[in-house]
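Chemist: I'll drop the sequence and a predicted model, then ask my questions.
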Amino acid sequence: HTAAEYQEFTRNAPSFRRELDLVAVAPDGTFASYVGIPYDDPNRRGIFEPVCTHPDHRQKGLGKALMQEGLLRLKAMGAVDVNVETGDMIPANKLYNSIGFTEMYKGFYWRKATTD
(Lines give C-alpha, C1' and ligand atoms only; values in the text may rest on other atoms or scores of the structure.)
Protein backbone atom coordinates (compact mmCIF):
# COMPACT_ATOMS: atom_id res chain seq x y z
CA HIS A 1 0.00 0.00 0.00
CA THR A 2 1.02 3.58 -0.48
CA ALA A 3 1.32 6.20 2.23
CA ALA A 4 -1.69 8.01 0.74
CA GLU A 5 -3.84 4.86 0.98
CA TYR A 6 -2.86 4.39 4.60
CA GLN A 7 -3.63 8.00 5.47
CA GLU A 8 -7.08 7.66 3.96
CA PHE A 9 -7.72 4.44 5.92
CA THR A 10 -6.66 5.85 9.28
CA ARG A 11 -8.25 9.28 8.98
CA ASN A 12 -11.54 8.12 10.53
CA ALA A 13 -10.22 5.55 13.04
CA PRO A 14 -11.37 6.48 16.58
CA SER A 15 -8.01 5.73 18.23
CA PHE A 16 -5.93 7.47 15.59
CA ARG A 17 -3.55 10.12 16.90
CA ARG A 18 -1.68 11.68 14.04
CA GLU A 19 1.23 12.79 16.22
CA LEU A 20 1.88 9.18 17.30
CA ASP A 21 1.55 7.57 13.87
CA LEU A 22 5.06 7.43 12.44
CA VAL A 23 5.88 6.45 8.87
CA ALA A 24 9.06 6.32 6.81
CA VAL A 25 8.13 6.52 3.14
CA ALA A 26 10.37 5.13 0.38
CA PRO A 27 11.20 7.29 -2.66
CA ASP A 28 8.58 5.41 -4.71
CA GLY A 29 5.82 6.35 -2.24
CA THR A 30 5.47 2.95 -0.57
CA PHE A 31 5.92 2.25 3.12
CA ALA A 32 9.47 1.59 4.23
CA SER A 33 8.81 1.47 7.98
CA TYR A 34 5.92 2.13 10.34
CA VAL A 35 5.40 2.50 14.08
CA GLY A 36 1.96 2.94 15.59
CA ILE A 37 1.74 4.14 19.18
CA PRO A 38 -1.55 3.85 21.06
CA TYR A 39 -1.41 6.06 24.17
CA ASP A 40 -3.34 5.51 27.40
CA ASP A 41 -3.82 9.06 28.71
CA PRO A 42 -5.14 8.25 32.21
CA ASN A 43 -2.26 5.87 32.97
CA ARG A 44 0.29 7.78 30.88
CA ARG A 45 1.42 4.63 29.05
CA GLY A 46 2.38 4.16 25.44
CA ILE A 47 2.60 0.95 23.44
CA PHE A 48 4.60 0.47 20.27
CA GLU A 49 2.19 -1.58 18.16
CA PRO A 50 2.92 -2.44 15.44
CA VAL A 51 6.57 -1.94 14.64
CA CYS A 52 7.28 -3.03 11.08
CA THR A 53 9.76 -2.45 8.30
CA HIS A 54 9.44 -3.72 4.75
CA PRO A 55 12.10 -6.38 4.00
CA ASP A 56 13.61 -4.19 1.27
CA HIS A 57 14.34 -1.49 3.85
CA ARG A 58 15.58 -3.47 6.85
CA GLN A 59 18.99 -2.86 8.43
CA LYS A 60 18.87 0.83 7.53
CA GLY A 61 17.92 2.11 10.99
CA LEU A 62 14.42 3.21 9.97
CA GLY A 63 12.53 1.30 12.67
CA LYS A 64 14.96 2.48 15.31
CA ALA A 65 14.69 6.10 14.18
CA LEU A 66 10.88 5.97 14.25
CA MET A 67 10.86 4.38 17.70
CA GLN A 68 13.28 6.97 19.06
CA GLU A 69 11.11 9.76 17.66
CA GLY A 70 8.08 8.07 19.22
CA LEU A 71 9.80 7.98 22.61
CA LEU A 72 10.53 11.71 22.38
CA ARG A 73 6.90 12.45 21.55
CA LEU A 74 5.61 10.24 24.36
CA LYS A 75 7.94 11.88 26.86
CA ALA A 76 6.70 15.31 25.77
CA MET A 77 3.12 14.10 26.38
CA GLY A 78 4.02 13.02 29.92
CA ALA A 79 4.28 9.27 29.39
CA VAL A 80 5.85 7.42 32.31
CA ASP A 81 5.89 3.96 30.78
CA VAL A 82 6.25 2.56 27.26
CA ASN A 83 5.86 -1.07 26.23
CA VAL A 84 6.56 -3.15 23.17
CA GLU A 85 5.76 -6.84 22.90
CA THR A 86 7.26 -9.49 20.68
CA GLY A 87 7.94 -13.19 20.57
CA ASP A 88 11.33 -14.75 20.12
CA MET A 89 12.16 -12.69 17.03
CA ILE A 90 15.85 -12.10 17.64
CA PRO A 91 16.32 -9.08 15.31
CA ALA A 92 13.33 -7.29 16.86
CA ASN A 93 14.50 -8.05 20.39
CA LYS A 94 17.97 -6.73 19.58
CA LEU A 95 16.41 -3.53 18.26
CA TYR A 96 14.30 -3.00 21.37
CA ASN A 97 17.26 -3.70 23.64
CA SER A 98 19.45 -1.25 21.70
CA ILE A 99 16.91 1.51 22.34
CA GLY A 100 16.88 0.82 26.08
CA PHE A 101 13.87 -1.45 26.56
CA THR A 102 14.36 -4.21 29.13
CA GLU A 103 12.85 -7.68 29.02
CA MET A 104 10.00 -7.97 31.49
CA TYR A 105 8.81 -11.54 31.03
CA LYS A 106 8.74 -14.56 28.79
CA GLY A 107 5.38 -16.18 28.46
CA PHE A 108 3.04 -18.44 26.61
CA TYR A 109 0.07 -17.70 24.44
CA TRP A 110 -2.65 -20.35 24.58
CA ARG A 111 -5.53 -21.06 22.24
CA LYS A 112 -8.28 -23.65 21.94
CA ALA A 113 -10.46 -24.10 18.90
CA THR A 114 -14.18 -23.94 19.64
CA THR A 115 -14.88 -26.66 17.09
CA ASP A 116 -13.41 -29.44 19.29
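Modeler: Cool, the structure landed. Nothing here was measured: the structure is a model prediction, and the numbers come from that model.

Chemist: By residue count, tell me the biggest helix in the protein.
Modeler: Longest helix in the chain, counting residues (DSSP state H): helix 62-77.

Chemist: Helices of this structure, start to end?
Modeler: Under DSSP H, the chain gives helices at 3-10, 62-77, 90-99.

Chemist: Tabulate those helices in a markdown table, adding columns for mean neighbour count and distance to residue 25.
Modeler: (C-beta placed from N, C-alpha, C; glycine too.) Formatted as a markdown table, the helices of the chain follow (neighbours: other Cβ atoms under 10 Å; distance: least, Cβ to Cβ, whole Å):
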| stretch | mean neighbour count | distance to residue 25 |
| --- | --- | --- |
| helix 3-10 | 13 | 5 |
| helix 62-77 | 18 | 10 |
| helix 90-99 | 14 | 20 |
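
Chemist: Let me have those helices in JSON lines, extended by mean pLDDT.
Modeler: Listed next are the helices of the chain as JSON lines, based on pLDDT from 0 to 100:
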{"stretch": "helix 3-10", "mean pLDDT": "69"}
{"stretch": "helix 62-77", "mean pLDDT": "97"}
{"stretch": "helix 90-99", "mean pLDDT": "93"}
